[in-house]
Every structure is written in C-alpha cells, then in structure tokens.
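K.L.:
here is my input; please provide its structure:
(chains A and B)
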Number of protein chains: 2
Amino acid sequence: MCQLLGMNSRLPASLTLSFTGFSQRGGCTDHHADGWGIAFFESEGNLPGKAARYFVDKESASTSAIAQMLRSYPIKSHNVVAHVRKATVGAVTLENCHPFVRELWGRYWFFAHNGDLKEFNPPLHGSFRPVGSTDSEQAFCWLLQELNKSHATVPSVQELTHTLAELVPQISQHGTFNFLLSNGQALWAHASTKLTYVQRQHPFCKVQLKDEDVTVDLSELNGPDDRLVIVVTEPLTTNETWVPMENGELLAFVDGEPVARALCKATLTPVAAAAAAQREKEEAAKAAALAACCTSAA
Amino acid sequence: MCQLLGMNSRLPASLTLSFTGFSQRGGCTDHHADGWGIAFFESEGNLPGKAARYFVDKESASTSAIAQMLRSYPIKSHNVVAHVRKATVGAVTLENCHPFVRELWGRYWFFAHNGDLKEFNPPLHGSFRPVGSTDSEQAFCWLLQELNKSHATVPSVQELTHTLAELVPQISQHGTFNFLLSNGQALWAHASTKLTYVQRQHPFCKVQLKDEDVTVDLSELNGPDDRLVIVVTEPLTTNETWVPMENGELLAFVDGEPVARALCKATLTPVAAAAAAQREKEEAAKAAALAACCTSAA
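P.N.:
Got it, this is the predicted structure:
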C-alpha cells in the first residue's frame, strides 16, 4: 500500500520535519520502495504561492539524492502533497510516480492517490489525458475534466468541495480512493478507507516521531500565529491526537483548519466489493500470523 | 535577454557538460540572474522517456542549490529544454520561470521562449491558461490550444511541424519569438532573431568551452553511435561549427539531426516593428560604446 502526506498551513511552513519522517517510509521503516514524489506551492513571502515545485524519483526516498537535497533545503509552503508508492497497478516508471500535476483555470493542481480502482475506465474526451498507466492518473484526469465542465473559473473552496462530493462517489464505487488534492488555495483530503490528520497550533508541544527515535519540540519551530494540519495514511507521531477520517469523508483545509466537509457515500461495484473482501481476508490473516509470531517470540 | 539551451540526442546523453557551461550564464559570465529552469524527459534505458523532470529556481543558476545538484546528478535524456532568464516582461516570480510544462494528448510538452511580444493577447478559450504573467506562457498556451484544435492525438513530427509553421507567424508578427519546444519525441526550435545549433557525432573532437577556461574531449564521453544536436542562443564552444538559424526558420530534431524544416515568415505589426527598430538602435549604441571603450583602453 502507498502512503500519502499532505500539509496545509496558515503561514509558510517548513517541510523538513514531516518529510524527513515520511521519507523514511520509502525503504527504511516500511516496504514502500517503488518511487516517491512531493509537490508543493512555494510560499511567496507570507502568502501561498501559485508556483508549483514538483520532485519525483523511482529510487527509494530514504536513499534518493533528490530526497536528500529536499531534506536539507529550506522549503516553505502553505500546501504540500507527497506520496510514497508501492506499485499495485502500472509499471514502476517515473511517469507513474505521484503526485500528478496539471493546470486548470490558470492554476496548478496536485493529486496523489492511495488505493486501487477496479474496472474504472471513464471516457476522457477533454484536455486531460494520462501520460502514465495508473488508475490514479486516470481518476485525476477525469476529476479535472468534470470540474472543468462544472465551473468556468476557479470556484470558491466551498463550491469546489460540493462539486467534488458529487464526483467522488462515481470513482470510489470502483475501489479504494484515498486521495489528496491541492490547487495552492486549499488542501482537499478524501478517505475511502484510511486517512488521519492532526492539527498543530499554539501552544506547541514536544512530539515523538514514529519512524525515528527522535523527539522534536514544535514550540522551537513555530510561533504563536502558526497553525497547520498534517494529513497522512498512518500517524507520524506517537503522542499527538490524530483524528481518523470517516469512510467517505471529504475535507477541505485552509489556513491550517478544516473549512468544508462532505460525505461521499458510494456503493462498491460487485468487482470492487469482491476485491475489498479479499483484501480484508488477507489483512486478517496477516494480523493473525503476526500475533502468533509475537506470542511464540514472547 | 534570456538564453535558451536545447538538446536532442539519438542515445541517452548526459546533461552535465552542456548544463555546466550554460548555467554559468546565470550570474557568473553573463547578467542573466533572474531565474533559470531546465526540463527534460528522462530516458528509459536506451529509449526516450515520457516522464517529465522539471527544475526551476529564482536564484542564479551559478549559485542555486538545485542547479548544483543537477550539475553532479547523472541525468540522461534524449530531449532537454533549458532557459536562463533576464526578466523583461512579468515579475520575477517562480511561476514566471521557463520552461513551462503542460500535458496534451497524454504527453508532456516543454516550452521556453527568448524575446518579447507586443500587444499579444490571444483569446484563450481552451483548457490551457497561463499561471504566471509572461507573454511567453501566454504564447505557449495559445500554441497548445490551437494544436489541440488541429489534431485529435499526437501527430507525426512532420505533421506537427507543418501545423506549427501555420501558427508561429500569428505570434512572431508581435515580436521576437525564438523558442524551443519538446514533447519527448522531437525538439522543435524556431529562430526569430537568434538561435544557433551544432551537431556532434563520431568522430568526436576536443571542444573549448566559451564560458569556462576548459577543454573537453568529447570522444571520451561519447561512443561511435552517439549523435546529438545542441541548440542555443549563443555558441557554447569556440572551436565547433555552429550553424546560425535563419530568421523565421523552424526545425524539428529527432535522433540528433534535423528531420523537418519550415519557414515561418511574418510581417511585424507596427508596434513590434517600432520596438525592433528601437532595440537595434540601442544595440548599435552599445556596440559603439564598447568599441570606443576598447580603443581608449588599448
């Protein structure tokens, strides 16, 4: 399974801390070694920027030279979408690495997806076509095509959330569709099975990273006006209150807090339902094997 | 004035040499210190890849951390478009750094422009809109919009050259329109005033870099099957045969050689003609001042 990381912040926030822990999942503390990517809007002074920066690599994020540069580079952003990929559909090529980037209404859009879709072959008659072979990029192209039909220019965050809520079930009925989307004005997160978020604001505490044996004092990195939200597949820290998103929940974050919410209820297609049942069975078997292993080791 | 660098190669070619000399123009040996960018299709084995890599920076290419990484990173590509920018129109922001990237027909397209356009405000009713404020990005969006109208999917290089030759004069009548364009299958170059190219193939010689006091033996870097073309605003070496492109000449390069050619003749609009006359006057005055300075110094 892939892992998603999103950030939305009121003030320009450094990526270094979150990306350091997250990128460890690309090969060191997890088995996600099939490519990774990060896309963000570089802040312009204290304002969210429109310019897209976009780095992907096929090499594991824990060893990649580009990831290494990013961990030491003083990047500041209001909106970030990152992804570590475990290939399930599509060959492991650079063009299949998330996040994907397109322009719509004079703004760049980033999209990263976790999950897989069964028999999802939407008609793509518009100006957005996949370059790679993933169901994820296909879903992104279809979303932009349909958004483009619904609005003539960038709508408000509330309006866009409303339109997304109408579109998402048409995709999520085909399988697991956890995703992050950003246009630099907001970060949208949709949970089909697994996404969780934490809000950080004054007073900031010391956090214990889950992927490294490190404690970080957030009060040293943030001021009283800072406020940000981190959305991830699995919590990055062990001592913060991570809020699991509901199945079908769509949230829009602006200025480091949720500003719009919708529920996207979908009934799985028979093929998608069968795949979900199979996956649950496999996960239960894996958990049972792990429990047995721990018991015998104790 | 900005500087363009393009490369088209039969086999995957390293960027290091050309980019090293070219990036010196971002602040060290020239006054182009207002941002730079490079976009390329990373080769997949010996084949031209479809995946886009794209690095831009507002910081001078001679000092930028990203440029530093690129100079030491073993990138191989069949098609490269790079740009060092001296802002003439539009604020110096990251979203105004060339090359620009868009997707059309399931392929990424890179575009970089040198020159400036007067009163060019085309109707952009399609799915390509500028994110920044440059006339260059506007021209790129209009080109893609019109290409999209002319073809339903990626046409042959010859067909695309033909369509471009019909479209280009509609832009170049508005001013200086030297540009590089690539979709990973070919590199297109159009000279409005200033572009020059060199073809390198077996037997490879020693070249003397113009921007650094360095001689490089190309036969040590290339094999007998290598063949590539470098297109630039100003020659990168002092001892190779650089071919200046004609005014209005459009060339398509594939496998390291020109495969299609067209002449794009445009009559400048009165405003563009006046600007061109003014520029020529200024350049003549600058040359005269330089000559006087050299004489008095001698």
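
K.L.:
number of residues surrounding A:Glu44?
P.N.:
Counted by other Cβ atoms under 10 Å in any protein chain shown, the residues lying close to A:Glu44 total 17. Every residue, glycine included, has its C-beta placed from N, CA and C.

K.L.:
for A:Ala252, that is, sorry about that
P.N.:
The number of residues near A:Ala252, taken as other Cβ under 10 Å, comes to 23.

K.L.:
and it, helix, strand or coil?
P.N.:
Following DSSP: H, G, I helix; E, B strand; the rest coil, A:Ala252 is assigned to strand.

K.L.:
ok, what's across the strand from it?
P.N.:
Here A:Ala252 shows beta-bridge partners A:Trp188, A:Ala260, assigned using DSSP bridges.

K.L.:
check contacts around it.
P.N.:
Applying Cβ atoms under 8 Å, 6 or more residues apart in numbering or on different chains to A:Ala252 gives the contacts A:157-158, A:160-161, A:186-188, A:258-261.

K.L.:
A:Glu166 belongs to a helix, doesn't it?
P.N.:
Yes. Judged by three-state DSSP, A:Glu166 forms part of a helix.

K.L.:
what's the burial count for it?
P.N.:
When neighbours are counted by other Cβ under 10 Å, A:Glu166 registers 12.

K.L.:
so what pLDDT did it get?
P.N.:
You'll see A:Glu166 listed with a pLDDT of 98.

K.L.:
re the thing from before, ChimeraX command to pick out the buried ones of the contacts of A:Ala252?
P.N.:
Buried residues among the contacts of A:Ala252 (16 or more other Cβ atoms under 10 Å in any protein chain shown), as a ChimeraX selection:
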select /A:157,160,161,186,187,188,258,260
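
K.L.:
B:Leu250: which of the contacts of A:Ala252 is nearest?
P.N.:
Here the nearest of these to B:Leu250, counting by Cβ to Cβ, is A:Leu160; it sits at 40.4 Å.

K.L.:
near chain B, which residues of the stretch 51-200 of chain A are found?
P.N.:
A:51-54, A:56, A:65-66, A:69, A:73, A:93-95, A:97, A:101-108, A:126-132, A:148 (Cβ under 8 Å from any Cβ of the partner chain).

K.L.:
what about the helices in chain A?
P.N.:
Here chain A has its helices, by DSSP state H, at A:16-23, A:65-72, A:135-150, A:157-172, A:218-221, A:270-297.

K.L.:
any chance of these in a markdown table, with distance to A:Glu119 too?
P.N.:
Converted to a markdown table, the helices of chain A look like this (distance: least, Cβ to Cβ, whole Å):
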| stretch | distance to A:Glu119 |
| --- | --- |
| helix A:16-23 | 32 |
| helix A:65-72 | 35 |
| helix A:135-150 | 10 |
| helix A:157-172 | 12 |
| helix A:218-221 | 44 |
| helix A:270-297 | 5 |
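
K.L.:
hey, least reliable of these by pLDDT?
P.N.:
helix A:16-23 (a mean of 71).

K.L.:
now stretch A:107-121: mean pLDDT?
P.N.:
Across stretch A:107-121, pLDDT averages out at 96.

K.L.:
minimum distance to B:Glu166: which of the helices of chain A has it?
P.N.:
That would be helix A:135-150 among the helices of chain A, by Cβ to Cβ, at 26.9 Å.

K.L.:
would you map out the domains in chain A?
P.N.:
Domain segmentation of chain A under automatic domain parsing yields A:3-267, A:268-298.

K.L.:
chain center to stretch A:156-174: distance?
P.N.:
Counting by Cα atoms, centre = their mean, to the nearest Å, stretch A:156-174 is centred 16 Å from the centre of its parent chain.

K.L.:
buried set for it?
P.N.:
A:157, A:160-165, A:167-174.

K.L.:
show me the residues of the stretch 51-200 of chain A next to chain B that map onto strands.
P.N.:
A:52-54, A:56, A:101-104, A:107-108 (DSSP state E).

K.L.:
out of those, who's nearest A:Ala287?
P.N.:
A:Val56 (32.3 Å).

K.L.:
pretty sure the closest one sits against A:Ala67.
P.N.:
No. Using Cβ atoms under 8 Å, A:Val56 makes no contact with A:Ala67, being 10.2 Å away.

K.L.:
between the two, which is the more surrounded one?
P.N.:
A:Val56 (26 against 22).

K.L.:
give the contact list for that one.
P.N.:
By Cβ under 8 Å, 6+ apart, the neighbours of A:Val56 are A:35-38, A:94, A:97-99, B:51, B:53.

K.L.:
could you rerun that using 7 Å?
P.N.:
A:35, A:37, A:94, A:97 (Cβ atoms under 7 Å, 6 or more residues apart in numbering or on different chains).

K.L.:
need these in TSV (columns: pLDDT and neighbour count).
P.N.:
Compiled in TSV, these are given as follows (pLDDT from 0 to 100; neighbours: other Cβ atoms under 10 Å in any protein chain shown):
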residue	pLDDT	neighbour count
A:Gly35	79	25
A:Gly37	90	26
A:Leu94	87	20
A:Cys97	89	24
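
K.L.:
now for those: which two are most distant?
P.N.:
The most widely separated members of the contacts of A:Val56, counting by Cβ to Cβ, are A:Gly37 and A:Leu94 (9.4 Å).

K.L.:
next, count neighbours for A:Tyr73.
P.N.:
Counted with other Cβ under 10 Å, the neighbours of A:Tyr73 add up to 17.

K.L.:
you'd agree it is up against B:Ser64?
P.N.:
No. Between A:Tyr73 and B:Ser64 there is no contact under Cβ atoms under 7 Å: 10.5 Å.

K.L.:
next one: stretch A:133-152 to chain centre, how far?
P.N.:
Worked out by Cα atoms, centre = their mean, stretch A:133-152 lies 17 Å from the chain centre.
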